[in-house]
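# Got a predicted model here, sequence first, then my questions.
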Amino acid sequence: MKAKRIRIAWKRDWQLYLFMLLPVAYIVIFAYVPMAGLQLAFRKYTAQGGIWGSPWIGLDNLVKFVNSYQFERVVSNTFILSIYGLACMQIIPICFALIINTIEKPRFKKVTQTIVNLPHFISVVVLVGMLMQVFNSRTGIYGVLYEHFTGQYPTDLFGKLGAFRHLYIWSTVWQNFGWQSIIYIAALAGVDTQLHEAAQIDGASRAQRVWHVDLPHIQPTIMILLIMGIGKIMSVGFEKAYLMQNSLNLKHSELISTYVYRIGLSGVGKTDFSYATAIGLFNAVINLVLILGANVLSRRITDTSLW
Amino acid sequence: MNISQTGRQGSRFAKRRTSRGDRAFEAVAVGIVTLLTLLILLPMINVVSASFSSASAVNAGRVLLLPVESTLENYKTILKYNSVWLGYRNTIFYTVVGTFINVSLTMMCAYPLAQKSFSGRKFLSILFFIPMIFNGGMIPNYILMRDLKIINTLWAGLIPGAINIFNMIVTRTFIQSSIPDTMAEAARIDGCSPTRYFFSFVLPLSKTIIAVISMYYAVSHWNDYFTAFLYINKRSLYPLQLFLREILVNSQFDSSVMNDPDAARQLQGLAETLKYVVIVVSTLPLMCIYPFVQKYFVKGVMIGSVKG
């Protein structure tokens, strides 16, 4: 009976399966094989043994990481940076959307929105490059203005440990707040104008209407994006942090992902594939727990889940 | 005529009703938005202006918003700097060929998954969903690429991320919601095979989403440095972003790659200024195209937000 059903399905859908052939092969090779490769975290990598044949050593690598002096540093750096970023990148785009939504000049809105979206398309490399130029203590705008008003050159921000997180987060805000606000602006366009009219007749000011009409309307969107953001906390990127890293800010700029690279691939010091894989696994598991937790939370609170 | 009349009256009526407080509120809003827009614009203007300024003005920190001692010399020098053009050529290759591969694979995957009657739909959806929330990470991926001998070949710029699962799901959602199931049903009854249905109906009706994902993929190829950083260390295969990293972040101008010694000597004094030039040269194409294709990008955000 079952075999017959399969045969009917195959006869009807075989062309669709053919369509899926390449994508499935791709995803199996380039997503599932590396997942199987995570077993390296529990082995001691040898060149001859590779992923499947190196000797097992159990939890040694994970234990070594948790007990190492770097553990606390990279984990807390990762958390602090992403929570700082999450807070800024949630609040600022929402405020911007609410503000721009109150303006009733279509041309003005269109032009400003296009401009604030532009930096989204700047690559990380160029962004970090711009950051270094603009905040150059002698030739950048920052240095020039600082000198103009105080009469002396500022100290180099990139060498200042305390400045790293702010530079990292606020350049992200600069680059992406406009882009992030698109979704809220779109949601705000769906507010029923009758609600506004009714509120106006009752004597509500524009500010009151923002608070009592607009904000509640986008609340579900805010919740979903917040939860998605929580799910991404541990995946704060390698790319920008690595580019901004130097020996002076390493204490704050070494994240789990950059540490994995340093241990496993940088070729500086002793390269240890197994140890680096174990750190990566640690990161991936926490990430998974956060995403699943965020989704459960989402289902409870907003009745919408991501899947 | 009548309608527009009442419309205008209506708006006049509404205008009269806005209180002074509300008008002040809007003025403040305009002020804030203007300020933020300037904050976005000023660094970009500064960079462009510096790229047109003389090296001495840049090094003395005299450039703020307008070019000082404006000159095209910097651009002429960069024209002779081979790395940038090699990088440009490679990036264009990775972007064009890569985007073609991306879009083909994405459509091939999204189309069957969008058919409600497709028998393997549920299992395959899960298969594609899991890698979104869990993956092998940097080292196992690197070992795989090494074992497949992809490292230091052109494939290294094309294969990683050949299907972006998020884009695939967005495409699937689009196909599902914009092409009614009854159409597939009717086509099937009329003896149209799934393949023919794809080429004669789904593909033409998906133009919008194809435009959207092509642009997403193209931008991510153009701006990508991470995959090349991991998998390519042969200079002849470097994409633009890796050369930019050398120049901007590591401050390395390799004067040996200049094709004439005069220019190589010039390079020393120009280093700071040339950084501004390469920023402009590498970013300008996207910035110029963006305003014209903005609506597609925005549409992509909308479709994506409906349900991931």
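It's in. Residues are numbered from 1 along each chain as shown, chains lettered A, B, ... in the order given.
# can you list the residues that contact stretch A:234-251?
A:73, A:78-79, A:81-82, A:85, A:124-125, A:127-128, A:131, A:158-161, A:163-164, A:167-168, A:172, A:253-258, A:261, A:283, A:286-287, A:290, B:138, B:225-226, B:245, B:249 (C-beta atoms under 8 Å, 6 or more residues apart in numbering or on different chains). (Glycine included, C-beta is placed from N, CA and C.)
# For PyMOL, write the select line for the buried members of the residues you listed.
In PyMOL, this line selects whichever of these come out buried by 16 or more other C-beta atoms under 10 Å in any protein chain shown:
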select buried, (chain A and resi 73+78+79+81+82+85+124+125+127+128+131+158+163+164+167+168+172+253+254+255+256+257+258+261+283+286+287+290) or (chain B and resi 138+225+226+245+249)
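# any idea which helix is longest in the chain?
Just so you know, I chose chain A. helix A:69-101 (DSSP state H).
# should've been chain B
Longest helix in chain B, counting residues (DSSP H): helix B:261-306.
# Return the distance of it from the chain's centre.
Taking C-alpha atoms, centre = their mean, to the nearest Å, one finds helix B:261-306 lying 11 Å from the centre of the chain it belongs to.
# Low-confidence stretches in chain B?
B:1-18, B:254-269, B:305-308 (pLDDT under 70).
# what about 50?
The model of chain B has pLDDT under 50 over residues B:1-16, B:307-308.
# Which positions in stretch A:101-121 come out as buried?
Quick answer for stretch A:101-121 (16+ other C-beta under 10 Å): A:101-103, A:109, A:112-113, A:115-121.
# show me which of these neighbour chain B.
Filtering these for neighbours of chain B using C-beta under 8 Å from any C-beta of the partner chain leaves A:102, A:103, A:112, A:115, A:116, A:117, A:118, A:119, A:121.
# and those residues, which of them are in helices?
A:112, A:115, A:116, A:117.
# For the closest residue to residue A:41 other than its chain neighbours, grab the count of nearby residues.
Leaving aside its chain neighbours, residue A:41 sits nearest to residue A:278 (3.9 Å; criterion: C-beta to C-beta, 6 or more residues apart in numbering or on different chains). Other residues near residue A:278 come to 27 when the count uses other C-beta atoms under 10 Å in any protein chain shown.
# Isn't residue A:278 up against residue A:66?
No - checked against C-beta atoms under 8 Å, the pair residue A:278 and residue A:66 is beyond contact range at 9.7 Å.
# Give the residues shared as contacts by the two.
Common neighbours of residue A:278 and residue A:66 (C-beta under 8 Å, 6+ apart) do not exist.
# Would you reformat the ones in helices among the ones next to chain B among the buried residues of stretch A:101-121 as JSON lines and include pLDDT?
Shown next, in JSON lines, are those (pLDDT from 0 to 100):
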{"residue": "A:112", "pLDDT": "94"}
{"residue": "A:115", "pLDDT": "93"}
{"residue": "A:116", "pLDDT": "94"}
{"residue": "A:117", "pLDDT": "92"}
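# Would you confirm that residue A:33 contacts residue B:143?
No - counting by C-beta under 8 Å, residue A:33 does not reach residue B:143; the two are 9.6 Å apart.
# Show me which of those two is the more surrounded one.
Comparing residue A:33 with residue B:143 by other C-beta under 10 Å, the one with more neighbours is residue B:143, at 21 against 18.
# you'd agree that one is up against residue A:273?
Yes - the criterion here is C-beta under 8 Å, and residue B:143 meets it with residue A:273 at 7.0 Å.
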